[in-house]
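**Student:** Next come a sequence and a model predicted from it.
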Amino acid sequence: MIVNPSDVGLLISSTMTYSAPLILAGLGSIMSETSGVVNIGIEGQMTIGAFTCAAVAVLTANPWLGLLAGAAAGGFFGLLHALASITFKADQAVSGIAINLLAPGAAIYFCKAVFEGSTQTRPVALSDKLPLVLGTLFPPQSFFSYALKNYASVYGCILVAVLVWFLLFKTRLGLRIRAVGEHPRAAATLGIRVFALRYFCVITSGVLAALGGGVIPLSTVSYFFPSIISGQGFIAIAAVIFGKYKPKNTVLACLLFGFCKSLALTLGNPKYGLAASTHVLNMIPYVITLLALLFVGRSHAPAASGKIYDPAGN
């Protein structure tokens, strides 16, 4: 059992660290879904974001430039998805699958081109990671020093969650986005620019997903490698479904999945003497994801989600 306060603090800290990428990616999925466009390319957008962020952070020794470049890369692939699914009316699921194939392929290609044939970037130096905050305000061995020893990405994702909630539910723009996701033809009769709003939401979705991938090399593993995302994009989408397409519920679902991953790693520590295989422990987050989807009950996506909108009525 975990009885040491510092161990509990570390469990809380690592839960937040592992939840941050899921929260950002989940919020990106919500933005796209709310406007009526399914984006299952979250996994690929997280991968290209992780590579771009790590590569730029290594080459410039500036993590903030890395995040900016990662966001731009995710926005580009969000634009590709928007072009295919909105302008050219391609099947949104097929377009998302294409993004999941194209973006990781591009990441590996450019990684080999920049880092002398290697599929891994050089490590991001600890001094070049997003600075630690809050935890340093408390005595070194206290519970709060461990629990709040997080990178800026953790606090940033909470701020983004509040902004997305405020945008969607407290602004006129958010009302229009939700109207477009529910009944685009009726929204168009009121003068709302359906295509423009959907482009905005899908590109924003790519940006947020890429930021979710980008914070990983800046807070956990320190470098990019091909399997760095390892299904986290799909877990984020599952969190959105589990959270019934609401930002607050999605954040809570992401925290649950982050806790499961953190708990699996904590229980794998030899000092706890747990006689379970590390492979079994690593399955915990994915098993919880499946169980959550199994018992979530009805989760209603926006009425027009996944449906092609043709202003000509064809």
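**Tutor:** Sure thing, it's come through.
**Student:** surely residue 92 meets residue 85?
**Tutor:** Yes: contact status for residue 92 versus residue 85: in contact at 4.5 Å, counting by C-beta atoms under 8 Å. Where you see a C-beta, it was placed from the backbone N, CA and C, and this is true even at glycine.
**Student:** What's the local residue count around residue 91?
**Tutor:** Look at residue 91: counted by other C-beta atoms under 10 Å, it has 14 neighbours.
**Student:** what sits in contact with each of residue 92 and residue 85?
**Tutor:** 37, 308 (C-beta atoms under 8 Å, 6 or more residues apart in numbering).
**Student:** which of the two has more neighbours?
**Tutor:** Higher neighbour count among residue 92 and residue 85: residue 85, with 27 against 24, using other C-beta under 10 Å.
**Student:** wait, doesn't the more buried one sit right on residue 93?
**Tutor:** No: using C-beta under 8 Å as the test, residue 85 is too far from residue 93 to be in contact (9.2 Å).
**Student:** name the helices or strands packed onto the helix or strand containing residue 266?
**Tutor:** Using DSSP states H and E, residue 266 sits in helix 247-267. Helix 247-267 sits against helix 5-34, helix 152-170, helix 232-242, helix 278-282, helix 284-295, with contacts defined as 3 or more C-beta pairs under 8 Å, 6 or more residues apart in numbering; DSSP states H and E.
**Student:** Take those and lay them out in a markdown table including mean neighbour count, mean pLDDT and distance to residue 59.
**Tutor:** Listed next are the helices and strands packed on helix 247-267 as a markdown table, based on neighbours: other C-beta atoms under 10 Å; pLDDT from 0 to 100; distance: least, C-beta to C-beta, whole Å:
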| stretch | mean neighbour count | mean pLDDT | distance to residue 59 |
| --- | --- | --- | --- |
| helix 5-34 | 25 | 88 | 22 |
| helix 152-170 | 17 | 92 | 20 |
| helix 232-242 | 25 | 93 | 25 |
| helix 278-282 | 13 | 71 | 32 |
| helix 284-295 | 15 | 77 | 32 |
